[in-house]
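A.B. asks: got a predicted structure plus its sequence, pasted below:
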Amino acid sequence: MRVLHVNAKAGFFGGVERILFDTANGLQERGWPQALLHAEATVQEAYRGPFAEIASDEALIDRFQPDVILIHKESDADRITRLAARLPTVRMVHDHDLVCLRRHKYFPSNTRICERPAGIDCYTHLCFVQRGERFPIALRGLGEIRRGLAAHAQVRGFIAISQWMRAELAMNGIDAKRIHDIHPIPSALDRVTPLPPASRPEILFVGQVIRGKGVDLMIRALAELTGDWHATVVGDGHHLPECRALAAELGLAERIHFTGWIDHEALQDYYAQALFTVVPSRWPEPFGMVGVEAMARARAVVAFAAGGIPDWLDHGQTGLLVPPADVKGMGQAMQELLDTPERAAELGRRGAQTVAERFRHGAYLDQIAHLLESIA
């Protein structure tokens, strides 16, 4: 089986590109030739590994002769239409871009998660107002969303990476029979091993410090805690200065350490010191891999039940789920684990067991291979 991947970028720029690379590498090791059609000009040399060819011109199709096309991130509706009309095609939906004007799937007016299809709510909640490039603001209409969805008319299958994403596709008119549920598991997760329980009341956040990740919500929840505790925020992003200022405003500057960007290989030490981790996402996570990575290290997770998070976090079994944006509830959940560290350790142990049983890269590849064969 010859697989052509389609993506905007050809390099290690984010989670989408990591999953694409791992998928191609795993299928190539199974004897399936892989190629990559990309949009942006830059190609990172380290990204070439599993691909017989990487190119930005569609003449690649004639040279490579794929049996099936797997689209990841691609915003060119005309290209999608051409590809789907030419060969059996599958779309892996990694985020909300296909159906959301703002791409974040929460309303800017009140930060409440949007559970509606693209339509009138995009205007009544001001989602059409965007940050501009040449001017402070720009306006974006639903025409682009509708063209994008229409371009997928001949796409034979969609991969939803969580139940939330399945529901999102279905409410926007995608036939449920075309939607396939596959969790995206990177190969690196198989190499993560459980850590011994931590001895200190340390709370950990790992991820981008952007508004959608909700670090400010976590900080407000931390202000509700009593007793001896310390928190570490590992990550960087445009919301970091605001979060630092909020911590100072709430009198927590000495209790919260902001590390900035940390190399992925150095994360192990931070997890080793953490009693539990927090995933306080404001936006509905398409899946939320950072929480699964914490569980694999035997760390309990406290998280908002936003988007795909309930797919991997079992409340009371591997961590504690809190209603979206419920700051008081998050504070209570964190206090519970601080007061009963033995419970945090037990939740962490069960989390590691869950990852070992349910979230393996090999099983993910089996599902992908089966789907691509059936589509082709």
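C.D. replies: All right, it came through fine.
A.B. asks: where does this structure dip in pLDDT?
C.D. replies: The chain contains residues with pLDDT under 70 at 132-133, 135.
A.B. asks: buried sites along whatever helix or strand Ala294 lives in?
C.D. replies: For Ala294, the enclosing helix or strand under DSSP states H and E is helix 289-296. Using 16 or more other Cβ atoms under 10 Å as the test for burial, helix 289-296 gives 289-296. To be clear about C-beta, it is placed using only N, CA and C from the backbone, and glycine gets the same treatment.
A.B. asks: please apply the same query to stretch 318-336.
C.D. replies: Judged by neighbour count (16+ other Cβ under 10 Å), stretch 318-336 contains these buried residues: 318-322, 324-325, 327, 329-335.
A.B. asks: which residues are in contact with the helix holding Ala294?
C.D. replies: Helix 289-296 is contacted by residues 15, 184-186, 189, 192-194, 204, 206-207, 271, 277, 279, 301, 303, 309, 312-313, 318-319, 348, 351-352, 354-356, 359 when judged by Cβ atoms under 8 Å, 6 or more residues apart in numbering.
A.B. asks: now distance to Arg244 too, for the buried residues of helix 289-296, in JSON lines please.
C.D. replies: Shown next, in JSON lines, are these (distance: Cβ to Cβ, whole Å):
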{"residue": "Met289", "distance to Arg244": "26"}
{"residue": "Val290", "distance to Arg244": "21"}
{"residue": "Gly291", "distance to Arg244": "24"}
{"residue": "Val292", "distance to Arg244": "28"}
{"residue": "Glu293", "distance to Arg244": "25"}
{"residue": "Ala294", "distance to Arg244": "23"}
{"residue": "Met295", "distance to Arg244": "28"}
{"residue": "Ala296", "distance to Arg244": "30"}
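A.B. asks: what ranges do the helices span in the stretch 151-300 of the chain?
C.D. replies: Under the criterion DSSP state H, counting those that start in this stretch, helices of the stretch 151-300 of the chain are mapped to 163-171, 215-222, 240-249, 267-273, 289-296.
A.B. asks: in CSV, list the C-alpha atoms belonging to the fourth one.
C.D. replies: What follows is helix 267-273, C-alpha atoms only, in CSV (Å, rounded to 0.1, in the frame of the first residue of the first chain):
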residue,chain,number,x,y,z
LEU,A,267,10.5,17.2,31.4
GLN,A,268,11.1,14.0,33.2
ASP,A,269,12.6,15.8,36.2
TYR,A,270,9.6,18.0,36.5
TYR,A,271,7.2,15.1,36.4
ALA,A,272,9.3,13.2,39.0
GLN,A,273,8.8,16.1,41.5
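A.B. asks: which secondary structure elements does that helix contact?
C.D. replies: With contacts defined as 3 or more Cβ pairs under 8 Å, 6 or more residues apart in numbering; DSSP states H and E, the packing partners of helix 267-273 are strand 202-206, strand 230-234.
A.B. asks: wait, doesn't Ala153 sit right on Ile80?
C.D. replies: No: assessed by Cβ atoms under 8 Å, Ala153 is found out of contact with Ile80, at 9.6 Å.
A.B. asks: compare the two and say which is more crowded by neighbours.
C.D. replies: Shown here are Ala153 and Ile80; by other Cβ atoms under 10 Å, Ile80 has more neighbours (24 against 10).
A.B. asks: tell me the contacts of that one?
C.D. replies: 71, 74, 89, 91, 148, 151-152, 155.
A.B. asks: what comes up buried for whichever helix in the chain runs longest?
C.D. replies: Counting residues, the longest helix found in the chain (DSSP state H) is helix 341-358. For helix 341-358, a neighbour-count test (16+ other Cβ under 10 Å) marks 341, 344-352, 354-355 as buried.
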